[in-house]
Each structure stands twice: as structure tokens, then as C-alpha cells.
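# Sequence and computational prediction follow.
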Amino acid sequence: MNSTHSGHYQLIEQAIHYLEAGVQRQPDLAEISAAIGLSEYHFQRLFTHWTGISPKRFMQFLTKERAKDLLAQSESLLSTTHQVGLSSLGRLHDLFITTEAVTPGEYKSNGVGLEIQYGIQGTPFGKCLIATTERGICHLGFVDGQEGDAIDNLAEAWKQAVLVENPASTASTISHIFSNRRSDSPLKLYLRGTNLQIKVWEALMNIPSGSLASYEQIAARIGNPQAVRAVGSAIGHNPIAYLIPCHRVIRKSGAIGNYRYGSARKKILLTHELGASPA
């Protein structure tokens, strides 16, 4: 992912912040494009390319009514679908995922004897820190602040592991995640969490691309309807963004809600999926 992609992402994020602030008065294309310094033609083209939908349809998506409609449609899908993972900017496409959880002993060891290869890489949604082990991806997080802080947080999570910077290997993994190329090789995730957290993360991967779920629906999905607060905590501690799609969880009121990596990025991820799904 080159610097042009990164610059385009920043423009889209700026546009989405502007749309969020003005959604009640429905700003027109001329106003939005002027606000981010592009012509109407170039803004419309860039926005549609990145999100898969027009700025007008995006404003419709921002309304609570649209989100509630999607949430209602998703309720039955949660109990029947086993689709997991994403590729090609939001569309489920020739990519499947296997997961393996650490054992209780490994959980307590904080990574003793484990080598973790990491790298800062570009994605269509901004820079990320990705970390892998022989048993699979153990971390994927977007980076908006200092890269060093993100790496320090990874080291804190795996205190006893050996961290090795490996740009080439991690670039290959990122390419696998975000490219359009068909692959028969599954992505492997190596999950470190409590039993409840892992159940929640697995439930998130059963939400189809282009669909939404509420915290209450996820709690019901894991067989613990009263655990809404714990579900929210588990979602907040999701170690593998995008592939474990916590961005698909919204409040039952239809409000989009918070996201660890910023509300604008959450909306970009969701609109990519909405644009890639049948209308």
C-alpha cells in the first residue's frame, strides 16, 4: 500500500467527519467536496471507489433508521451463517479463517518461548501493526498515533515472547488479507483470551459481511443473554481488528457506537461492506 492510498484514506476520513457533523442538514456534493479541497467529480469518484457507495447513500446509512433496518435483517442471519473473514475491501471473497486458542498454561505464561514477528504495514484503511506466530496471526491493529507506542503495547500484551521485526513476512500476510487474489490457504488466527472472550470473538466472525449485530444479539449467540456488559468488554479487547469484525457491532438503538480505532474508520469499514453487499 503506497503513500497515495494513505493520502486518499485521510481524505475519506476527513469527508466522513464532515458528513457526520452535518448529517442533520444533508450537505450537498458541492459543499462536501469543497470542504476537503476536491472537485465534485473527483470527490464523488474517490468516495465511491473507497466506500463502494455514493456520498448520498452514505448519509442514508448514517441515519439511525437505516442502521436499525440492517440490524433487524441481521438477527436471523446470526443464527444460520458461518461465513467468516473479509478480503477485497469489505467483500467476503475466497478467504477463510481457522482459529486456535492458547492453552490455559500458555495464557498464563505471557508468551514464554514464543517468537512473534511484527511489522507496520499499509492497508486501505490506514497503517496497521500486524504480528504473527508459527500458529497464526496474534495481533492486527490500526495505528493512528506513534508507531512505537503500538509496538510497546504489543510487547506488554506478550511480555515473555521474543519480538522480531520482519517487514517482508508481515507485508506478505497483509497482502493476503487485503488483495483480490484467490487463495486456497486459510488465514490462521492465534487467539489469547478468556473462554468468554474467545466465544465472543468467534461469534463476531459469524456476522456476515454487510450485516450488523447488537451487543444483546452477541450475548444471546454465546448462550449468555445477561452478559451484555462482558460482551462489550470482550469486543473492546479484540486483538485482531478487521478479521474479527467488531466493527459490525452497533447499539440496539441503531446508533453506530464507539470503535477502538475511531468512529470514522468504523463507518468506512461498514460502508465498504454495505456497498459490496446486494442492495
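Good, I have the coordinates.
# how does this structure divide into domains?
As assigned by automatic domain parsing, the chain contains the domains 3-62, 67-276.
# can you confirm residue 140 is in a strand?
Yes. Assignment of residue 140 by DSSP: H, G, I helix; E, B strand; the rest coil places it within a strand.
# quick one: contacts for it?
By C-beta atoms under 8 Å, 6 or more residues apart in numbering, residue 140 lies in contact with 128-131, 239-243. Quick note: C-beta positions are derived from backbone N, CA and C, even for glycine.
# would you list these in JSON lines and tack on neighbour count?
Listed next are those as JSON lines, based on neighbours: other C-beta atoms under 10 Å:
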{"residue": "128", "neighbour count": "24"}
{"residue": "129", "neighbour count": "21"}
{"residue": "130", "neighbour count": "24"}
{"residue": "131", "neighbour count": "27"}
{"residue": "239", "neighbour count": "20"}
{"residue": "240", "neighbour count": "25"}
{"residue": "241", "neighbour count": "23"}
{"residue": "242", "neighbour count": "23"}
{"residue": "243", "neighbour count": "21"}
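# State the helix or strand in which the residue sitting furthest away from the middle of the chain lies.
Residue farthest from the centre of the chain, counting by C-alpha atoms, centre = their mean, is residue 30 at 30.2 Å. Using DSSP states H and E, residue 30 sits within helix 29-35.
# Just the C-alpha atoms of that helix, please, in PDB.
C-alpha atoms of helix 29-35 as PDB (Å, rounded to 0.1, in the frame of the first residue of the first chain):
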ATOM      1  CA  LEU A  29     -22.000  17.300  -3.000                       C
ATOM      2  CA  ALA A  30     -20.600  20.700  -3.800                       C
ATOM      3  CA  GLU A  31     -20.300  21.600  -0.100                       C
ATOM      4  CA  ILE A  32     -18.700  18.400   0.900                       C
ATOM      5  CA  SER A  33     -16.100  18.400  -1.900                       C
ATOM      6  CA  ALA A  34     -15.200  22.000  -1.300                       C
ATOM      7  CA  ALA A  35     -14.700  21.200   2.400                       C
END
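# who's in contact with it?
With C-beta under 8 Å, 6+ apart as the criterion, helix 29-35 contacts 14-15, 18-19, 22, 27, 39-40, 42-44, 55-56.
# Please repeat the previous calculation with a cut-off of 6 Å.
18, 40, 43 (C-beta atoms under 6 Å, 6 or more residues apart in numbering).
# for the second one, what are its contacts?
For residue 40, the set of contacting residues under the criterion of C-beta under 6 Å, 6+ apart consists of 29-30, 33.
# Which member of those residues is positioned nearest residue 148?
Residue 148 lies nearest to residue 33 out of these, by C-beta to C-beta, at 36.0 Å.
# possible to save the contacts of residue 40 as TSV with pLDDT?
Below are those laid out as TSV (pLDDT from 0 to 100):
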residue	pLDDT
29	90
30	92
33	92
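# for residue 110, phi and psi?
phi 60, psi 30 (degrees, to the nearest 10).
# which SS state does the spatially most central residue of the chain fall under?
Nearest to the geometric centre of the chain sits residue 242, at 2.8 Å (C-alpha atoms, centre = their mean). The three-state assignment at residue 242 reads coil, by three-state DSSP.
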